[in-house]
Structures are given as structure tokens and as C-alpha cells.
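**Q** The following block contains a protein sequence and its predicted model.
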Amino acid sequence: MTTDKSVEELPVSKGRNRRSDRYPVVVPVKVKWLEPSGAGIIEFAEAKEVNQHGGLLDMKGRPAIGSIIELTNLSSTKTASARVVSLRPSKKSDTLGVAVELLTPSETFWGVTFRLKLAIDDLLKLEEAIRSGGMDPRVLREFRDAVDYVRKTAWALQELQERQVHQRDTATVRSLLTEERVRRATQISKALASDLDSHEVTDGTTGAADLFRAIEALYQRLAGLFKICESR
């Protein structure tokens, strides 16, 4: 390993030179490279910030700047070649931040979490465009709520992946997902009640009968749940 002083002397690429924003992720990767002596090195590391052009890896090894390395996404088994562009100190004393540039840009190599973040970013930009276009406030609110739900679900997916990688308990994340589903269902129920009051939903509305049966079944289960709670 290098000392902090030697790491600080290495070139660091500036954020303004990146061709696209990086997104925080936790992606386990296998890194392979050749030392100047010809010795082959294999290390298991984590990508922490990525975009379609490259990313920042947390590593213990020190591949040479400018060298070509092979990356394998351990979640998807996809491989990619990358060039080492800089080394930098890491928040962890025993690791090094290794900035790499994919030889072939890819929106899929880093996995589902990264693609979700890209999609959410596009949806947020679309929301701005819709807002400036004078869209009906109700439609805009529905769109914003849907984006918010996707964003929270994407966060939960990332958190689950990180906990699975580090073999930590995932129960709390699953509980948060359930709580978010309850919150969203409550929000939709109130909106539908308002639609019923304004006669926008009638017995002729497509799916209204199925909705009635689903809510009736849900009500029976919730009633049984709270009776159990009250009896304790």
C-alpha cells in the first residue's frame, strides 16, 4: 500500500471534466490487472460512484495510472475493460480510491440500481418540463407522486443490495418498503374518495367493481388485524 503522501501526489481528475454526473451505488466487482513485472493480480473491490463512462472503486491494490484493467460485476457477471485514470485517498485508511474510465461506455454494466438512478433523473427533468408547460395541476401531482414512489423504491433496492453485499440484516429495509406501500395506498384511497365525491368515479368506471372487491377484502383483513391488536 502507498502512504497518504504518495497518494496525494497522484493526478486526480476533476469533477468538471466528467462527461456525465456520477451516482452513488454499491456494486461488488472483481478487478484483474497485470503489474509491470508481468504478475497477474486479482482483487475484489466495490464501485461506489459510477456513470456510463466509468466510476470510483474502493480498492486495497494500486494498479498503475494508465493501465488497462478488467472489471467483472459480481451481481450480473458482466465484464468490461477500463483504464485507470487516477488514484486518490479513501475515507478508509486501508483502501484507495481508484478512478477508472470504461473503454466502452455502458449504461448497463453497473447494474439495475444505476439504471434506476438514470431513469429517475430523466423523470425529474421531465417533471420540470411538464411544470413549465402549464400542465393540469392534478396530472402534475399524480406524476410527481409516481416519481417519488419510484425514487424511494430505488433507494430501498440500493440499500438492500448494499446490505446483502456486506451480509447485514435486510429486515428494516423491507419494513420501510411496506410502510411506503401503506402510505401510498392511503394517499390513493383519499384521492379516490375525493373522485367519488365529485362523481369522477362511478359504477360505470372501468375497474371500479374490481376495486370494490379488493378494498372489501383488504378491509376484512385490516379489521381482523386491529381486533387482534385490541384483544392484547
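**A** Yes, it's here. All values reported here derive from a predicted model rather than from experimental measurement. Numbers count the residues shown, from 1 in each chain.
**Q** C-alpha only now, for contacts and for neighbours.
**A** Fine.
**Q** Let me know the secondary structure of Lys227.
**A** The three-state assignment at Lys227 reads helix, by DSSP: H, G, I helix; E, B strand; the rest coil.
**Q** measure it to Arg221 for me?
**A** 10 Å (CA to CA, to the nearest Å).
**Q** Same question for Ala99.
**A** 52 Å.
**Q** Between those two, point out the one with more neighbours.
**A** Legend: neighbour count by other CA atoms under 10 Å for Ala99 and Arg221, higher for Ala99 (23 against 12).
**Q** and the more buried one, what does it touch?
**A** 54-57, 84-88 (CA atoms under 8 Å, 6 or more residues apart in numbering).
**Q** Now with 10 Å, please.
**A** 12-13, 47, 49-50, 54-58, 65, 82-88 (CA atoms under 10 Å, 6 or more residues apart in numbering).
**Q** cool, Thr178 as well?
**A** 172, 184.
**Q** What of Pro63?
**A** Counting by CA under 10 Å, 6+ apart, Pro63 makes contact with 31-36, 41, 69, 83-84, 86-87, 98.
**Q** quick one: it from Ala82, how far?
**A** 11 Å.
**Q** I'd like the mean pLDDT over the helix or strand where Glu179 lies, please.
**A** Using DSSP states H and E, the element containing Glu179 is helix 171-197. When pLDDT is averaged over helix 171-197, the result is 88.
**Q** Good, wrapping up.
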